[in-house]
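Participant: my questions concern the predicted model and sequence given below.
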Amino acid sequence: MSEPAQPAAVAPANVRELVVTLFELGREVTSVLDLDELLAKIPQLIARITKFQAFAVYLLDPKHDELSIAYSVGYPEELARTLRVKIGHGLVGAAVLEGRPILVNDVHTDRRYVEAVPGTNAEIVVPLRRKGRVIGALNLLSDSAGQFTETDELMLRQFGAHVAVAIENARLFEKERQYTETLETLAEIGREFGAILNLDELLTRIANLARHVIDYRTFGILLLNEATEELELKAAVRYGEHVGQSRIKLGSGLVGYAALHKEPVLVADVSADPRYVRWVDDVRAELVIPLLVKDRCIGVFDLESPELDAFDKRHVEILTLLASQAAVAIENARLYEEIRANEVRFEKEIRFAQRVQTALLPTELPKRFKGVDVAARLSPARELGGDLYDFLAPEPNSLIVAVGDVSGKGVPAALYSAFAGELVRSRTFRRRHTSDRSSPAGILASINTILYERQLEEYYVTLCYTLFDFKRRTAVLANSGLPYPIRMRAGGVPEQIELAGVPLGSFPGSSYDEVGFDLAPGDLFVFCSDGVFEATNSDRGEFGVNRVIEVVAASAAKPARDLVDDIFAAVQAFRGETPPNDDTTVVAVKITS
C-alpha cells in the first residue's frame with residue numbers, strides 16, 4: 001500500500017506570507033457577529049487564498065444527521081435552497097463523516113462525487129470543527145481540473161478553524177439576541193393579556209401570540225374543571241378535524257401528569273414514554289407546561305409535533321414564562337366572567353324588585369272618594385329606595401295617608417320599607433275596631449313595638465300617619481320623625497305642622513302625639529321625605545323648608561299632580577348636576593269640596 005501524499009514544501013518567504021494572510025483572515029472572520037453577514041464574507045476572504053467558480057457553506061442539523069447549504073455562490077438557486085446531504089453521502093458528506101479535508105482535482109474519477117453544479121471538475125471540502133465535533137463544511141468547486149493544491153488544503157483547513165469559531169460565536173450572539181427579543185415580546189404579550197377580560201377571546205389570543213415566541217404545529221389550552229377533576233380542551237390551533245377526546249382526567253397521560261404534579265413535561269419521543277395517551281395522529285414529540293396561579297394549577301399548555309425531539313429546554317423556559325402570565329390573565333378573565341354573571345343576575349333581580357316595589361305603591365285613590373284631590377311621586381336615589389307612601393280606606397268615609405322614610409338606601413332599605421308598609425296596612429285594617437289602636441298615635445305605637453321586637457337595630461323608619469275623616473270633616477296626624485308636613489288653609493299661607501316623634505323601631509314603648517284639624521274646601525296638606533328638604537347644591541347648600549314653602553304657595557291653586565311635579569322640578573333645578581343624596585317623595589292632599 002502506498003504512503004499518503006505529503007503536502008508540498010513551501011518556501012520560508014511564502015510561509016511568512018501565508019501566516020500573515022491567515023492571521024488577517026482569521027481576525028476579519030472572527031470580528032463579524034451577525035451570522036448572515038459572516039456567511040457572505042467567507043467566500044470573499046477565501047478568494048484571497050485560492051480561485052474557485054462555486055462555493056458553499058454547509059451546516060449540520062444534528063437532529064436529522066444531514067447538511068444543508070447556509071450560503072452559496074455559483075450554485076443553482078433552487079438547488080441551494082432545497083439540497084440536503086446525508087452524512088457520508090458525496091464528497092461533502094464523506095469529509096464530515098471522516099472529519100478531515102478531501103481534495104479531488106478530477107471529480108469524475110471519484111465514485112463518491114455527486115454533481116451539484118454542472119461543469120465542475122475539481123472540488124475541495126474542509127470540515128468545520130469546533131471543540132472536537134463537526135458543525136459543517138466549506139466546499140469549493142472549480143471548472144478547471146487540478147485547480148486546487150495541497151497548500152490550498154492546508155490554508156483552508158487553518159482558515160476553517162477560524163470560521164468554525166466565528167460561526168459558533170455568531171450563533172451564540174444570535175441566540176442571545178433572540179432571547180432578549182423573546183423576553184421583550186413576552187412583556188408585550190403580558191400587557192396585552194391583561195387587557196382582555198373575555199375568556200374565549202383571551203384563550204384564542206394566547207394561542208395566536210404563543211407563535212411569536214415558539215413555532216409549533218399543534219397547540220392546545222386545557223383548563224382544569226375542579227368539580228370533575230378533568231382537563232377540558234378550551235382552545236386548539238391546527239389540531240385539524242381529528243382532535244380526539246376533548247377532556248382528560250387529572251393525572252392521566254402527559255397532560256394530566258403535568259397538571260397533577262405542577263411541573264413541565266418534555267418528551268422527545270412519545271412512543272417511548274408509558275405515560276403518553278394517544279390524542280392526535282402522527283405525534284412524535286410533546287411539551288406540556290402547567291398554568292399555575294400561586295401554587296394552584298388551573299390548566300396546561302400542550303404542544304405536539306410530528307418530529308422527534310422537536311422541543312428543548314429553551315422552549316420549556318420560554319413557555320413557562322408565558323404560562324405564568326397567561327395563568328394570571330385567565331384567572332382574571334374567569335373572575336370577571338363570574339362577577340359579570342353575578343352583576344347580570346343582580347341587575348335582573350333589581351329590575352324585578354323595582355317592579356315589586358312599584359306594585360306595592362298605590363296608583364290612585366279608591367274611586368268612591370269625592371271632594372279630595374291626591375297625588376304622590378317617589379324617586380329613589382338608587383335602583384331601589386327606602387321611601388314609602390300609601391292611601392288606605394278602612395271605612396267608607398275615611399282616608400289614611402301614610403308617608404315614610406327608612407334609614408339607609410338600596411336593597412336593605414327597600415326590604416325594610418316593604419315590611420314597614422305591610423305593617424301600616426295590617427295595623428290599619430286589622431285593628432280598626434279597637435279604639436286605642438285605631439288612632440294615628442296608636443297605629444304608630446303598634447308598628448314601633450313590632451319593628452323593635454324584630455331587632456333590626458341598624459334600620460328605623462320615620463312615618464307620618466294621617467287620618468282624613470270626611471264625615472266629621474277632620475284630619476288627625478301622628479308623626480314619628482318625618483320632616484314636618486306643610487298645611488295651607490284656603491286664602492292663607494303655607495305653614496309647617498310642628499309634630500315631632502321618635503322613629504319607629506328605635507326604642508321600645510315609645511308613644512306618639514297627635515294633632516287634629518277641621519277640614520274646609522281649599523285646604524292643602526303636603527308631605528315630603530328628607531330627600532326634598534336636604535337636596536344639596538355644592539355652592540348653595542340644602543334646598544330647605546323655605547324653598548318648599550315658596551313652591552307650595554306658588555302652586556297651591558294647581559291640581560295636586562301639578563303641585564307635586566312643581567316641587568320635584570324645583571328640587572332638580574336647585575340640585576343641578578349634583579346627584580341625589582337621598583330618596584325623594586312628595587304627597588299632596590287637596591280638599592276640593
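Facilitator: Looks like it arrived, so ask away.
Participant: pull the CA atoms of stretch 117-130 into PDB?
Facilitator: Extracted C-alpha coordinates of stretch 117-130, given in PDB (Å, rounded to 0.1, in the frame of the first residue of the first chain):
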ATOM      1  CA  VAL A 117     -23.100  22.400 -10.100                       C
ATOM      2  CA  PRO A 118     -22.800  21.400 -13.800                       C
ATOM      3  CA  GLY A 119     -19.300  21.800 -15.300                       C
ATOM      4  CA  THR A 120     -17.400  21.000 -12.000                       C
ATOM      5  CA  ASN A 121     -14.100  19.300 -12.500                       C
ATOM      6  CA  ALA A 122     -12.300  19.900  -9.100                       C
ATOM      7  CA  GLU A 123     -13.600  20.000  -5.600                       C
ATOM      8  CA  ILE A 124     -12.100  20.600  -2.100                       C
ATOM      9  CA  VAL A 125     -14.100  20.100   1.100                       C
ATOM     10  CA  VAL A 126     -12.900  21.200   4.500                       C
ATOM     11  CA  PRO A 127     -14.900  20.200   7.600                       C
ATOM     12  CA  LEU A 128     -15.600  22.900  10.200                       C
ATOM     13  CA  ARG A 129     -14.700  21.500  13.600                       C
ATOM     14  CA  ARG A 130     -15.400  23.100  16.900                       C
END
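Participant: and that stretch, average pLDDT?
Facilitator: The average pLDDT within stretch 117-130 is 94.
Participant: cool, stretch 481-499 as well?
Facilitator: Per-residue pLDDT values over stretch 481-499 give a mean of 95.
Participant: distance between it and the chain's centre?
Facilitator: 57 Å (Cα atoms, centre = their mean, to the nearest Å).
Participant: stretch 451-471 too?
Facilitator: Centroid displacement of stretch 451-471 relative to its chain, using Cα atoms, centre = their mean, is 49 Å.
Participant: from one end of it to the other, what's the distance?
Facilitator: Length of stretch 451-471, first residue to last, Cα to Cα, to the nearest Å: 33 Å.
Participant: now do it, average pLDDT.
Facilitator: Here the average pLDDT along stretch 451-471 is 90.
Participant: buried sites along that stretch?
Facilitator: Residues of stretch 451-471 classed as buried: 451-452, 459-468, 470 (neighbour count, 16 or more other Cβ atoms under 10 Å). Yep, even glycine has a C-beta here, placed from its N, CA and C like the rest.
Participant: which ones among the residues you listed are found in strands?
Facilitator: 461-468 (DSSP state E).
Participant: point to the residue nearest the middle of the protein.
Facilitator: L197 (2.6 Å; Cα atoms, centre = their mean).
Participant: roughly how far apart are that residue and E337?
Facilitator: Using Cβ to Cβ, to the nearest Å, L197 is found at 8 Å from E337.
Participant: hmm, back to that, with respect to R211, which of the ones in strands among the buried residues of stretch 451-471 is nearest?
Facilitator: Set against R211, the nearest of these by Cβ to Cβ is V461 (63.7 Å).
Participant: in the stretch 151-300 of the chain, where is pLDDT below threshold?
Facilitator: Counting by pLDDT under 70, the stretch 151-300 of the chain shows low-confidence ranges at 238-245.
Participant: what segments of it are strands?
Facilitator: Assigned by DSSP state E, counting those that start in this stretch, the strands in the stretch 151-300 of the chain fall at 218-225, 230-237, 247-249, 265-267, 285-293, 296-305.
Participant: dump these into CSV; add mean neighbour count and distance to G88 as well.
Facilitator: Output for those, formatted as CSV (neighbours: other Cβ atoms under 10 Å; distance: least, Cβ to Cβ, whole Å):
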stretch, mean neighbour count, distance to G88
strand 218-225, 22, 34
strand 230-237, 20, 39
strand 247-249, 16, 43
strand 265-267, 21, 30
strand 285-293, 23, 26
strand 296-305, 23, 27
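Participant: redo those strands as TSV? Include distance to D273.
Facilitator: Converted to TSV, the strands of the stretch 151-300 of the chain look like this (distance: least, Cβ to Cβ, whole Å):
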stretch	distance to D273
strand 218-225	17
strand 230-237	18
strand 247-249	15
strand 265-267	5
strand 285-293	8
strand 296-305	13
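Participant: nearest to E168, of those?
Facilitator: When the strands of the stretch 151-300 of the chain are compared by Cβ to Cβ, strand 265-267 sits nearest E168, at 24.9 Å.
Participant: and the contacts of the closest one?
Facilitator: 254, 257-258, 273, 275-276, 285-288, 311-313, 315-316 (Cβ atoms under 8 Å, 6 or more residues apart in numbering).
Participant: just the buried members of the residues you listed?
Facilitator: Neighbour counting over the contacts of strand 265-267 (16+ other Cβ under 10 Å) leaves 254, 257-258, 275-276, 285-288, 311, 315-316 as the buried ones.
Participant: hmm, which two among the residues you listed are most spread apart?
Facilitator: Greatest spatial distance in the buried ones among the contacts of strand 265-267: R275 and H315, 19.0 Å, computed using Cβ to Cβ.
Participant: phi first, then psi, for the residue nearest to the centre of the chain.
Facilitator: phi -110, psi -10 (degrees, to the nearest 10).
Participant: which SS class is the spatially closest residue to it that is not a sequence neighbour?
Facilitator: Spatial nearest neighbour of L197, excluding adjacent residues (Cβ to Cβ, 6 or more residues apart in numbering): Y336 at 4.4 Å. Secondary structure state of Y336, per DSSP: H, G, I helix; E, B strand; the rest coil, is helix.
Participant: near Y336, how many other residues are there?
Facilitator: By other Cβ atoms under 10 Å, the residues close to Y336 number 15.
Participant: equivalent analysis for L199, please.
Facilitator: By other Cβ under 10 Å, neighbour count at L199 equals 18.
Participant: confirm D373 sits in a helix?
Facilitator: No. Assigned with three-state DSSP, D373 falls outside any helix and is strand.
Participant: sorry, back to before: relative to R345, how far out is the residue nearest to L197?
Facilitator: Y336 sits 15 Å away from R345, going by Cβ to Cβ.
Participant: I339: which element?
Facilitator: I339 belongs to helix 313-360 when assigned by DSSP states H and E.
Participant: now V125, what's its secondary structure?
Facilitator: strand.
Participant: H315 contacts L287, correct?
Facilitator: Yes. With contact defined as Cβ atoms under 8 Å, H315 reaches L287; the gap is 6.0 Å.
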